[in-house]
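Chemist: Here you go, sequence then predicted model.
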Amino acid sequence: MAIDVEQLRAALELVLSHVERQTGPSVELTADYYREVAPRAGYDANVTPAGDALTLGQLQDDIQAVRDLLDRGDVVVWHDLRHLAGVLRRIAAQDLPTG
């Protein structure tokens with residue numbers, strides 16, 4: 001299974017453009033801490049994550065990591081995508097229908 005990087009880029013651009021039309025040039029994130037599953041543990045469907053596989057993320061940390069990435073320009077894929085994903089998951093959660 002594979003997806004083209006260009007397809008990912010286009011999909012992100014499409015979604016983020018829509019978010020920008022809804023919220024303006026910035027997005028207010030209405031939470032800070034969240035639960036996440038460690039990357040390796042999250043992709044083993046035969047094991048229920050527990051202990052060290054369950055961690056606590058923080059949007060404030062994610063936002064700073066995104067800003068640091070833009071300042072340094074030196075990409076560490078696993079680290080940078082993890083922080084970007086934290087922000088994107090919160091935007092998705094805020095867009096859920098109520099109820």
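Modeler: Arrived safely. These figures come from a predicted structure and were not determined experimentally. Numbers count the residues shown, from 1 in each chain.
Chemist: End to end on stretch 14-30, go ahead and measure it.
Modeler: Stretch 14-30 has an end-to-end distance of 23 Å (Cα to Cα, to the nearest Å).
Chemist: Geometrically speaking, which residue is the centre of this structure?
Modeler: The centroid of the chain falls nearest to Ala85 when counting by Cα atoms, centre = their mean (1.3 Å).
Chemist: A helix includes Pro49, no?
Modeler: No - secondary structure assignment (DSSP: H, G, I helix; E, B strand; the rest coil) places Pro49 in coil, not in a helix.
Chemist: wait, isn't it in contact with Glu36?
Modeler: No - judged on Cβ atoms under 8 Å, Pro49 makes no contact with Glu36 at a distance of 9.7 Å. C-beta here means a position set from N, CA and C on the backbone, and glycine is covered the same way.
Chemist: Render the CA-only coordinates of stretch 34-51 in PDB, please.
Modeler: The C-alpha trace of stretch 34-51 is given here as PDB (Å, rounded to 0.1, in the frame of the first residue of the first chain):
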ATOM      1  CA  TYR A  34      -4.100  14.800  25.000                       C
ATOM      2  CA  ARG A  35      -3.500  11.100  25.000                       C
ATOM      3  CA  GLU A  36      -1.600   9.400  22.300                       C
ATOM      4  CA  VAL A  37      -0.200   6.000  21.500                       C
ATOM      5  CA  ALA A  38       3.600   5.700  20.900                       C
ATOM      6  CA  PRO A  39       4.200   5.300  17.100                       C
ATOM      7  CA  ARG A  40       5.500   1.800  17.100                       C
ATOM      8  CA  ALA A  41       2.700   0.500  19.400                       C
ATOM      9  CA  GLY A  42       0.000   2.200  17.400                       C
ATOM     10  CA  TYR A  43       0.400   0.000  14.400                       C
ATOM     11  CA  ASP A  44       0.300  -3.400  15.900                       C
ATOM     12  CA  ALA A  45      -3.400  -4.400  15.800                       C
ATOM     13  CA  ASN A  46      -2.700  -7.600  17.800                       C
ATOM     14  CA  VAL A  47      -1.600  -5.700  20.900                       C
ATOM     15  CA  THR A  48      -3.600  -3.300  23.100                       C
ATOM     16  CA  PRO A  49      -1.300  -0.500  24.000                       C
ATOM     17  CA  ALA A  50      -0.500  -0.100  27.700                       C
ATOM     18  CA  GLY A  51       2.200   1.300  30.000                       C
END
